[in-house]
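Participant: Got a sequence here, can you model it:
(chains A and B)
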2 protein chains.
Amino acid sequence: MPPEDAVVDLLGALAYGELSAFDHLADDAGLSPDLAGRAEMSSMAALEFEHYRRIAARLGELGADPALAMAPFVAALESYHAITKPSTWLESVVKAYVGDGMAADFFREVATFVDTETGDLIRDVLVEGGRAEFAVREVKAAVAQQPAVAGRLALWARRLVGEAISQTQHVLADRDSLMLLFVQGTGDITGVAALITRITDRHAERMVALGLDS
Amino acid sequence: MPPEDAVVDLLGALAYGELSAFDHLADDAGLSPDLAGRAEMSSMAALEFEHYRRIAARLGELGADPALAMAPFVAALESYHAITKPSTWLESVVKAYVGDGMAADFFREVATFVDTETGDLIRDVLVEGGRAEFAVREVKAAVAQQPAVAGRLALWARRLVGEAISQTQHVLADRDSLMLLFVQGTGDITGVAALITRITDRHAERMVALGLDS
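Facilitator: This is a model prediction of the structure:
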């Protein structure tokens, strides 16, 4: 069984992940060339906030202060967002699908290591909700008009993945409770390898869906 | 009876008001000195987006394209937000309460000039939802610590009101349908004066609540 504070740490990291995703998606919505795209990305932001609210409520039920639980993860998540700040609308669309998608996969994996109620909540708030269709539509339309865009976006996606992995490693190295949860949950090095393979496979599927896999 | 396109214009202006409020509140949340305040203002932003969604849905029911309906009002609202961009957390708090409050009062007045279904929707999405308590708490705490803040915030509130009135006049002057709705709805100059008095009174009440009326 994971120690109690590992659950608070996990929910704290996820809560700040949602709150910062809200913040950055709301910001990136301004990159949209039209009001329809802006509304769509704003809608994703609003949904992230709703998820934040549910996780913060769960932290409250566990007797934890959401602000205190999130605090240890602010620096790593803000570093990720600062380094991967989109400079175009398409970069923001790819980030919302590929970057957030990989983070969600990681949290879903770790969710299997904690109690059912917490795990169910995590799986529940991480449903993608139409984001795939939106990203695929925007990226395919742009690539059809200007094929050179594909190469640049593929490179961008690689950068997102690199930074996401790097920040995840920092967090695990800094928080003993999460590292323990992760090590106990995966069982051994074979378990770790299998987890990484599953996450990598899902990432590859997203790249195929976007047509950025070549 | 107002012409059909006045209703679409009114809902278009309100829809963009909500979408831009979402955008700017989400942005201003970053000015908060702590995560609790940031979460609170982000929550207001998410609520504005939910309101946007409902108004956009109503525009759809009326056979209007939300993006087209909003387009005529983008410039005026973005001018307002650009000129009243908060540079401190307290300025953002006062703007969210005083500026948005006055805009809401204006829309509520105009809502009495249109059909019941549209009017009910407008009144429904304009409920303040805890914003007053939040603003009063933040401002009073700051003024208690540093009394000089009060004068600066009172000046800021006056600027918000001036810009809000100025942009409203621009919109009415530009959109014949809305001007007609407003003139027909108020009836005559006495009606206009009464409406302005009601809005001014409510504004004064907010300033008293904030302790910024002296």
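Participant: Kindly provide the distance from the residue of chain A most remote from its centre to A:His24.
Facilitator: Largest separation from the mean C-alpha position in chain A: A:Gln145, at 29.0 Å (C-alpha atoms, centre = their mean). Per C-beta to C-beta, to the nearest Å, A:Gln145 is found 26 Å from A:His24. (Each C-beta comes from the backbone N, C-alpha and C, glycine too.)
Participant: Repeat that for A:Glu133.
Facilitator: Separation of A:Glu133 from A:His24 (C-beta to C-beta): 21 Å.
Participant: Who has more neighbours out of those two?
Facilitator: A count of neighbours by other C-beta atoms under 10 Å in any protein chain shown puts A:His24 above the other of A:Glu133 and A:His24, at 26 against 12.
Participant: just checking, the more buried one touches A:His81?
Facilitator: Yes: A:His24 is within contact range of A:His81, at 5.2 Å (criterion: C-beta atoms under 8 Å).
Participant: give me the low-pLDDT residue ranges for chain A?
Facilitator: The model of chain A has pLDDT under 70 over residues A:1-4, A:214.
Participant: Return the residues of it in contact with chain B.
Facilitator: By C-beta under 8 Å from any C-beta of the partner chain, the part of chain A that sits against chain B consists of A:19, A:22-23, A:26-27, A:29-30, A:34-36, A:38-39, A:42-43, A:45-46, A:49-50, A:52-53, A:56, A:66-67, A:70-71, A:74.
Participant: Show the contacting residues for A:Ile122.
Facilitator: By C-beta atoms under 8 Å, 6 or more residues apart in numbering or on different chains, the contact list for A:Ile122 reads A:10-11, A:14, A:107-108, A:110-111, A:114.
Participant: Just those residues: which are in helices?
Facilitator: A:10-11, A:14, A:107-108, A:110-111 (DSSP state H).
Participant: could I get the residues you listed as a markdown table with distance to B:Thr197 and neighbour count?
Facilitator: A markdown table is the format used below for the ones in helices among the contacts of A:Ile122 (distance: C-beta to C-beta, whole Å; neighbours: other C-beta atoms under 10 Å in any protein chain shown):
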| residue | distance to B:Thr197 | neighbour count |
| --- | --- | --- |
| A:Leu10 | 55 | 27 |
| A:Leu11 | 51 | 23 |
| A:Leu14 | 50 | 28 |
| A:Phe107 | 54 | 17 |
| A:Arg108 | 57 | 16 |
| A:Val110 | 59 | 22 |
| A:Ala111 | 57 | 21 |
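Participant: Pick out the most distant pair among those residues.
Facilitator: Farthest-apart pair in the ones in helices among the contacts of A:Ile122 is A:Leu11 and A:Arg108; separation 14.0 Å (C-beta to C-beta).
Participant: about what we covered before: would you mind listing the two of the contacts of A:Ile122 that lie farthest apart?
Facilitator: Farthest-apart pair in the contacts of A:Ile122 is A:Leu11 and A:Arg108; separation 14.0 Å (C-beta to C-beta).
Participant: quick one: A:Arg108 from chain B, how far?
Facilitator: 23 Å (C-beta to the nearest C-beta, to the nearest Å).
Participant: thought that residue was touching A:Leu126?
Facilitator: Yes: between A:Arg108 and A:Leu126 a contact is recorded at 5.8 Å, counting by C-beta under 8 Å.
Participant: Find the residues that touch each one of these two.
Facilitator: With C-beta under 8 Å, 6+ apart applied, the contact sets of A:Arg108 and A:Leu126 do not overlap.
Participant: Name the nearest residue to A:Leu160, sequence neighbours excluded.
Facilitator: In space, and not counting its chain neighbours, A:Leu160 is closest to A:Gly99: 4.2 Å by C-beta to C-beta, 6 or more residues apart in numbering or on different chains.
Participant: In three-state terms, label the one you found for me.
Facilitator: helix (DSSP: H, G, I helix; E, B strand; the rest coil).
Participant: Give the full set of residues in contact with it.
Facilitator: A:Gly99 neighbours (C-beta under 8 Å, 6+ apart): A:84, A:160-161, A:164.
Participant: Let's have those residues in a markdown table, adding neighbour count and secondary structure.
Facilitator: Listed next are the contacts of A:Gly99 as a markdown table, based on neighbours: other C-beta atoms under 10 Å in any protein chain shown; DSSP: H, G, I helix; E, B strand; the rest coil:
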| residue | neighbour count | secondary structure |
| --- | --- | --- |
| A:Thr84 | 20 | coil |
| A:Leu160 | 24 | helix |
| A:Val161 | 18 | helix |
| A:Ala164 | 21 | helix |
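Participant: Need the max-distance pair from the residues you listed.
Facilitator: A:Thr84 and A:Val161 (9.9 Å).
Participant: how about A:Ala135, what does it touch?
Facilitator: A:93-94, A:96-98, A:210.
Participant: the helices in chain A, which residues?
Facilitator: Secondary structure of chain A (DSSP H): helices at A:4-28, A:35-61, A:66-70, A:74-83, A:89-94, A:100-111, A:116-125, A:131-145, A:149-174, A:176-186, A:189-210.
Participant: how about the second one: buried residues?
Facilitator: By 16 or more other C-beta atoms under 10 Å in any protein chain shown, the buried positions in helix A:35-61 come out as A:35, A:37-49, A:51-53, A:55-56, A:58-59.
Participant: Next: the first one.
Facilitator: Within helix A:4-28, the residues that qualify as buried are A:5-28, counting by 16+ other C-beta under 10 Å.
Participant: between it and helix A:116-125, how many degrees?
Facilitator: Relative orientation of helix A:4-28 and helix A:116-125, computed by axes from the mean of the first three to the mean of the last three C-alpha atoms, to 10 degrees: 10 degrees.
Participant: Relative to A:Gln184, which of the contacts of A:Gly99 is nearest.
Facilitator: Closest to A:Gln184 out of the contacts of A:Gly99 is A:Ala164 (22.8 Å), distances taken as C-beta to C-beta.
Participant: and that closest one, what does it touch?
Facilitator: Counting by C-beta under 8 Å, 6+ apart, A:Ala164 makes contact with A:80, A:99, A:102-103.
Participant: same deal with A:Ala96?
Facilitator: When contacts are counted by C-beta under 8 Å, 6+ apart, A:Ala96 is found next to A:25, A:28, A:41, A:44, A:131, A:135.
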